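Colleague: this one's structure only:
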């Protein structure tokens, strides 16, 4: 940590943490948001809207259970529709949290310390939103547990040669490991809140969550080992999750799905949309809670650079898809490309190119990378673009495949929209609760960035 | 069993550097049952108080091996032994298709072992601990650094240990009731 701090202050960049802070002031500033700062009217309004949207989602799901998936726009040949589009979109958004917390930890990027906590929270909530869709999409959701290998009276077992089964294991492992990673990171900060809280209920709750953490050197040693190993495990995991999601498509023979570029391009797209979501959350949060000293221009710039890099990988993926459409000589692949560019869904496809490839190139301009407003807007565009990407992959590939007699069109219904927008509400409601109840920046990891954390011999 | 009414003597320091120095001198002075508390991990501090055996990696390795074996054997047994089903003419034991779930189960078991192994080895959760009886210890989760000599240390003596800790120029010294 020591050399890192020096490196961050001498490289002539914006610092990771503004100078002048001590262990005490960092602790007070972050814990005060949870412990003493009263909830503002803006918080109540924001949470209220998000909560109503969550209720709308529950209503849409309840009606779905009552009527069946016929209320959605899915029909043959488009059997996947919004549910899978939204599932892939949400899972992708989650990936940035693990990237920030695990991969950047292994790469010793100390700037991650101020954004990893809420990026991990974002991961958890995004995975929770994602998990809803396949479960309600199975048709008889009360039998969704059939996906798991449990000894049933029927005697049969799941079909392990299917990528859909791989997905069940990949996503549930990802959810579990993300939750554990988040929780283990919170333990020392729970101890801080336990020792700072004055309200007896808060003391008891934070005390229980802290597991009796007391900061013993032996405990820290094992803790750091476990944290590092968990990061090492989460790194291949996060790359595997979107790879497996892409297998859901790539293993099928549908034109537009059956390509080997899918795994890397899905992973890059996931990180792309995830960083966009991190910025869309971080920019208002740092402003509202006055955390500009901890989430500095450096964090915004670095996130923008990650988006630029992953965005170019995604652009390469689109390029290869188009190239293979021509080069393969396969008439169905060639038609898929033509259909994207000129077919009935041409507007979403051209919008996708604009949102994911052309507009984000603005991030080459340093001035825009350091402007919170510009970054917020570009991130919003990228999130729309990444959603459109999944729409193109799922719907446009399915709607016109090998036989013209089986072509069709997909029109989402209001229930599709209510469920989708409802999950955004659920995600935001969870984030609203998170910033009020838990320290949104890792306090103990921020302490290690301060000059006083260095041991002088 | 009769317990010593005193759990140990605790000294409070202002900086990470002072704590590491104090821990080193205390350990060199022959005190073996000691512990140090800090608000963030300090590299090398655990070694100074004589902690050298970290079993967490071993636990994680075992967890990972068990997870991988569980994942693979589960799929093999279910698909090839207990209920063989011909699916698209693929072999019952289609090992390449089993790799993904084997990998995920390896990560899952290893990750769970890392977290729960670390907690178990640390003896957590432990809601009560005698060090919490010292009111100033609340600062150990904020900006202060503490060193304790346990009364179970063979070299422990109420007066001389206190005197020794006093010589390390701590900010304050407290007796920890058990």
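Modeller: Now that the structure is in, tell me what you want to look at. Since the model is a prediction, treat every value here as computed from it, not as a measurement. Residues are numbered from 1 along each chain as shown, chains lettered A, B, ... in the order given.
Colleague: in the stretch 1-150 of chain A, which spans are helices?
Modeller: According to DSSP state H, counting those that start in this stretch, the stretch 1-150 of chain A carries its helices in the segments A:2-10, A:23-35, A:41-67, A:81-98, A:104-106, A:116-137.
Colleague: Can you give me the buried ones in the second one?
Modeller: Neighbour counts over helix A:23-35 (16 or more other CB atoms under 10 Å in any protein chain shown) mark A:23, A:26, A:27, A:28, A:29, A:30, A:31, A:33, A:34, A:35 as buried. Any C-beta I mention is one placed from the backbone N, CA and C, and that applies to glycine too.
Colleague: Now that the third one has come up, it's in contact with residue B:144, right?
Modeller: No: using CB atoms under 8 Å, residue A:27 is not in contact with residue B:144, being 11.0 Å away.
Colleague: okay, and the common contacts of those two?
Modeller: Residues touching both residue A:27 and residue B:144 by CB atoms under 8 Å, 6 or more residues apart in numbering or on different chains: residue B:39.
Colleague: Would you check that residue A:130 makes contact with residue A:174?
Modeller: No: here residue A:130 lies out of contact with residue A:174, judged by CB under 8 Å, at a distance of 9.5 Å.
Colleague: Looking at the two, which is more packed in?
Modeller: residue A:174 (28 against 25; other CB atoms under 10 Å in any protein chain shown).
Colleague: what's the spacing between the more buried one and residue B:108?
Modeller: As judged by CB to CB, to the nearest Å, residue A:174 and residue B:108 stand 9 Å apart.
Colleague: Could you chop chain B up by domain?
Modeller: For chain B, automatic domain parsing gives the domain ranges B:6-39+B:143-177, B:56-121.
Colleague: Pipe those domains into a markdown table and attach distance to chain A, mean neighbour count and mean pLDDT per row.
Modeller: Below are these laid out as a markdown table (distance: least, CB to the nearest CB, whole Å; neighbours: other CB atoms under 10 Å in any protein chain shown; pLDDT from 0 to 100):
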| stretch | distance to chain A | mean neighbour count | mean pLDDT |
| --- | --- | --- | --- |
| domain B:6-39+B:143-177 | 4 | 19 | 86 |
| domain B:56-121 | 4 | 18 | 93 |
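Colleague: any chance of the ones you listed in CSV, plus distance to residue B:48?
Modeller: Output for the domains of chain B, formatted as CSV (distance: least, CB to CB, whole Å):
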stretch, distance to residue B:48
domain B:6-39+B:143-177, 4
domain B:56-121, 19
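Colleague: And those: which comes nearest residue A:416?
Modeller: Nearest to residue A:416, of all these, is domain B:56-121, at 30.0 Å by CB to CB.
Colleague: Show me how far the closest one is from its chain's centre.
Modeller: 27 Å (CA atoms, centre = their mean, to the nearest Å).
Colleague: what's the span of that domain from first residue to last?
Modeller: 8 Å (CA to CA, to the nearest Å).
Colleague: What separation do you get for residue A:148 and residue A:135?
Modeller: According to CB to CB, residue A:148 stands 12 Å off from residue A:135.
Colleague: Can you pick out the residue with more neighbours from the two?
Modeller: Just comparing residue A:148 and residue A:135: by other CB under 10 Å the higher neighbour count belongs to residue A:135, 16 against 12.
Colleague: Need the per-residue pLDDT for that one.
Modeller: Looking at residue A:135, its pLDDT stands at 89.
Colleague: From chain B, how far off is the residue nearest to it when sequence neighbours are not counted?
Modeller: Excluding the flanking residues, the one nearest residue A:135 by CB to CB, 6 or more residues apart in numbering or on different chains is residue A:144, at 4.7 Å. Between residue A:144 and chain B the computed distance is 18 Å (CB to the nearest CB, to the nearest Å).
Colleague: give me every residue that touches residue A:144.
Modeller: A:134, A:135, A:138.
Colleague: Taking the stretch 301-450 of chain A, what residue is nearest to chain B?
Modeller: The minimum distance from the stretch 301-450 of chain A to chain B, using CB to the nearest CB, falls at residue A:447 (4.2 Å).
Colleague: Which pLDDT value belongs to that residue?
Modeller: The predicted structure lists residue A:447 with a pLDDT of 86.
Colleague: And the one 3 residues further on, by the same measure?
Modeller: Per-residue pLDDT puts residue A:450 at 83.
Colleague: so it sits right up against residue A:25, yeah?
Modeller: No: with contacts defined as CB under 8 Å, residue A:450 does not count as touching residue A:25, sitting 9.5 Å away.
Colleague: Who are the contact partners of the nearest residue to residue A:71 once chain neighbours are set aside?
Modeller: Leaving aside its sequence neighbours, residue A:71 sits nearest to residue A:415 (CB to CB, 6+ apart; 4.6 Å). Counting by CB under 8 Å, 6+ apart, residue A:415 touches A:60, A:63, A:64, A:71, A:72.
Colleague: Residue A:415 should be in a strand, yeah?
Modeller: No: residue state for residue A:415 (DSSP: H, G, I helix; E, B strand; the rest coil) corresponds to helix; a strand is not indicated.
Colleague: isn't there a strand covering residue A:166?
Modeller: No: counting by three-state DSSP, residue A:166 falls outside a strand, being helix.
Colleague: What are the neighbouring residues in contact with the residue nearest to it when sequence neighbours are not counted?
Modeller: Spatial nearest neighbour of residue A:166, chain neighbours left out: residue B:100 (4.2 Å); criterion: CB to CB, 6+ apart. Residue B:100 sits next to A:163, A:166, A:169, A:170, A:240, A:244, A:247 when contact means CB under 8 Å, 6+ apart.
Colleague: Could you pick out which of those residues are located in strands?
Modeller: If you go by DSSP state E, those have nothing in strands.
Colleague: Need the nearest residue in space to the most centrally placed residue in chain B, chain neighbours excluded.
Modeller: Nearest residue to the geometric centre of chain B (CA atoms, centre = their mean): residue B:122, 3.8 Å. What sits nearest to residue B:122 in space, not counting adjacent residues and going by CB to CB, 6+ apart, is residue A:219, at 4.6 Å.
Colleague: Surely that neighbour touches residue A:213?
Modeller: Yes: if you go by CB under 8 Å, residue A:219 and residue A:213 touch, sitting 7.2 Å apart.
Colleague: what's the overlap in contacts for these two?
Modeller: residue B:124.
Colleague: neighbour count winner among the two?
Modeller: Per other CB under 10 Å, whichever of residue A:219 and residue A:213 has more neighbours is residue A:213, with 29 against 25.
Colleague: thought that one was touching residue A:186?
Modeller: No: Residue A:213 lies out of contact with residue A:186 (CB under 8 Å); the separation is 9.9 Å.
Colleague: residues from the stretch 351-457 of chain A in reach of chain B?
Modeller: Residues of the stretch 351-457 of chain A lying close to chain B by CB under 8 Å from any CB of the partner chain are A:444, A:445, A:447, A:448, A:452, A:453, A:454, A:455, A:456.
Colleague: helices or strands next to the helix or strand containing residue A:266 in the packing?
Modeller: Per DSSP states H and E, residue A:266 falls inside helix A:262-288. Where contact means 3 or more CB pairs under 8 Å, 6 or more residues apart in numbering or on different chains; DSSP states H and E, helix A:262-288 is packed against helix A:81-98, helix A:116-137, helix A:217-250, helix A:297-327, helix A:372-391.
Colleague: Averaged pLDDT, the last one. What do you get?
Modeller: Same thing as helix A:372-391. Mean predicted confidence for helix A:372-391 is 94.
Colleague: How many residues are close by residue A:364?
Modeller: Neighbour count for residue A:364, taken as other CB under 10 Å: 11.
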